[in-house]
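> Prediction below, plus the sequence it came from.
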Amino acid sequence: MKQRLGAQNALYPLPAVLVGALVEGRPNFITVSHLGVLTTGQEEFIGVGLNKVHFTNAGIRQTGTFSVCIPDEKMVELVDYCGLVSGKNVDKSEMFEVFYGELGTAPMVAQCPVCMECRLHQVIDFPDHDLFIGEIVETHAEPEVLQEGRLDLGRIRPLLFDLHGRQYWALGRPLAAAWKAGLKLMEKEQG
């Protein structure tokens with residue numbers, strides 16, 4: 001019998017990313033792992049949840065843009081640091097080479113192998129958090145993390161965050177091909 005844990009989120013680990021925004025005219029980055037894919041297809045929407053106390057929220061609301069930068073394992077100390085200090089007190093952008101893309105107001109981290117610039121679509125107001133829904137306008141990737149024009153997780157080596165264990169993890173090995181692993185069961189059902 002399973003043990004009951006109450007209303008506990010068990011979806012970890014999730015990627016640890018750096019969310020960028022212009023706040024009070026300067027680039028700021030915050031470490032976030034409360035994010036997710038909302039849609040795929042012609043329009044790509046993602047959601048980023050930030051506690052209302054964060055400095056970054058005002059910048060996203062003001063400019064209507066933000067970035068989501070995916071750091072690799074080598075950046076663990078910088079990523080953790082960006083989650084420990086507030087942009088109200090520290091200019092975290094000085095730690096990175098900052099660049100801008102098509103939108104011009106979504107600062108991105110050049111050291112991250114993959115960065116997405118997003119246009120704010122909607123804000124959902126929760127009691128303690130803002131859920132920023134952004135449309136991905138452009139994705140920027142280092143050529144060495146691509147395999148036949150597609151992002152390759154093994155080459156990106158993303159940093160994963162486990163809230164329950166309070167640890168960062170590295171990506172493991174692939175287990176099976178998606179949309180192929182279950183074909184044997186489909187054939188068995190039909191046969």
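Thanks, I have it.
> secondary structure element for the residue nearest to residue 144 when sequence neighbours are not counted?
In this structure, residue 144 finds its nearest non-sequential neighbour in residue 155, 6.3 Å apart by Cβ to Cβ, 6 or more residues apart in numbering. All C-beta atoms are positioned from the backbone trio N, CA, C, and that covers glycine. Here residue 155 sits within helix 153-156, counting by DSSP states H and E.
> what's the following helix or strand after that helix?
Proceeding N to C from helix 153-156, the next assigned helix or strand is strand 159-162, under DSSP H and E.
> That next one: partners in the sheet, and parallel or antiparallel?
In the sheet, strand 159-162 lines up against strand 14-15 (antiparallel), strand 167-170 (antiparallel) (DSSP bridges).
> from the ones you listed, which stretch is densest packed?
strand 14-15 (a mean of 18; mean count of other Cβ atoms under 10 Å).
> Quick one: mean pLDDT for the helix or strand hosting residue 62?
Taking DSSP H and E as the definition, residue 62 sits inside helix 56-63. Helix 56-63 shows a mean pLDDT of 97.
> Which neighbouring elements make contact with the helix or strand just after it?
Later in the chain than helix 56-63, the nearest helix or strand by DSSP H and E is strand 65-70. With contacts taken as 3 or more Cβ pairs under 8 Å, 6 or more residues apart in numbering; DSSP states H and E, strand 65-70 sits against strand 17-23, strand 45-51, helix 56-63, strand 108-109, strand 114-125, strand 129-141.
> quick one on the thing from earlier: quick check: angle from the helix holding residue 62 to strand 45-51?
Interaxial angle of helix 56-63 relative to strand 45-51 (axes from the mean of the first three to the mean of the last three Cα atoms, to 10 degrees): 130 degrees.
> what does the helix or strand where residue 187 lies contact?
Following DSSP H and E, one finds residue 187 within helix 183-190. Helix 183-190 is contacted by no other residue when judged by Cβ atoms under 8 Å, 6 or more residues apart in numbering.
> Put the alpha carbons of it into PDB.
C-alpha atoms of helix 183-190 as PDB (Å, rounded to 0.1, in the frame of the first residue of the first chain):
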ATOM      1  CA  LEU A 183       4.500  -0.400 -30.900                       C
ATOM      2  CA  LYS A 184       5.000  -4.100 -29.800                       C
ATOM      3  CA  LEU A 185       2.000  -3.800 -27.400                       C
ATOM      4  CA  MET A 186      -0.100  -2.300 -30.200                       C
ATOM      5  CA  GLU A 187       0.900  -5.100 -32.500                       C
ATOM      6  CA  LYS A 188       0.100  -7.700 -29.800                       C
ATOM      7  CA  GLU A 189      -3.400  -6.100 -29.300                       C
ATOM      8  CA  GLN A 190      -4.100  -6.200 -33.000                       C
END
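> quick one: average confidence on that helix?
Rounded mean pLDDT across helix 183-190 is 83.
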